[in-house]
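Attaching a predicted model along with its sequence, questions to come.
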Amino acid sequence: MAEVVLRTLADDAGLGACIAIESAATGDWHVGEPADQRTIDALARAGYDGTHHRARQFDATDFPKLDLVVAFDRGQARILRNWAGSATEQQKVRLLLEFAGDPSGPHDVPDPYYSDAAMFDRVLGMIERSTQALFRQLAPALRQGIR
């Protein structure tokens, strides 16, 4: 969901070519598969197209070329930081909800997998708010060509 939302924000702002956005999981359970149909449906209800997504697993050898690695929950962040090869790479890992700017709010994006469509919609709302806040931080640098 976050990849689709962030890509849409960047494309709509004319900055899609200035940023590389990739989604990857810490596990390998669904590598190569499309997004869960409930995810695609929630995205479609909000005006996004999630049909092109294919799951892949995060590759720790990518850390040096990445500027930011966004995790959905503290468990993912812990795994990613353990995979990082240096303290500098560990510092690249941030929680998505950190960007929402509410330190008293939740830290983790809930996994809606075992829930209903309403929960997928709620999770998408959390992702949209945080991703929009993240993009507002990134956009000025992208406009200036700063990496």
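Received the coordinates, thanks. Residues are numbered from 1 along each chain as shown.

I figured residue 56 hits residue 31, correct?
Yes. Taking contacts as CB atoms under 8 Å, residue 56 lies within contact range of residue 31: 5.8 Å. C-betas here are computed from N, CA, C, even on glycine.

what's the overlap in contacts for the two?
Residues touching both residue 56 and residue 31 (CB atoms under 8 Å, 6 or more residues apart in numbering): residue 25.

And the two? Which one has more around it.
residue 56 (15 against 12; other CB atoms under 10 Å).

Mind jotting down where the helices sit in this structure?
With helices called from DSSP state H, the chain shows them at 2-12, 37-45, 74-83, 87-90, 117-144.

deepest of these, which one?
helix 2-12 (a mean of 19; mean count of other CB atoms under 10 Å).

so it versus helix 37-45, what angle?
20 degrees (axes from the mean of the first three to the mean of the last three CA atoms, to 10 degrees).

For the helices of the chain, could you give me a markdown table that also reports mean pLDDT and distance to residue 107?
As requested, these are arranged in a markdown table below (pLDDT from 0 to 100; distance: least, CB to CB, whole Å):
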| stretch | mean pLDDT | distance to residue 107 |
| --- | --- | --- |
| helix 2-12 | 97 | 15 |
| helix 37-45 | 98 | 21 |
| helix 74-83 | 98 | 6 |
| helix 87-90 | 98 | 17 |
| helix 117-144 | 96 | 11 |
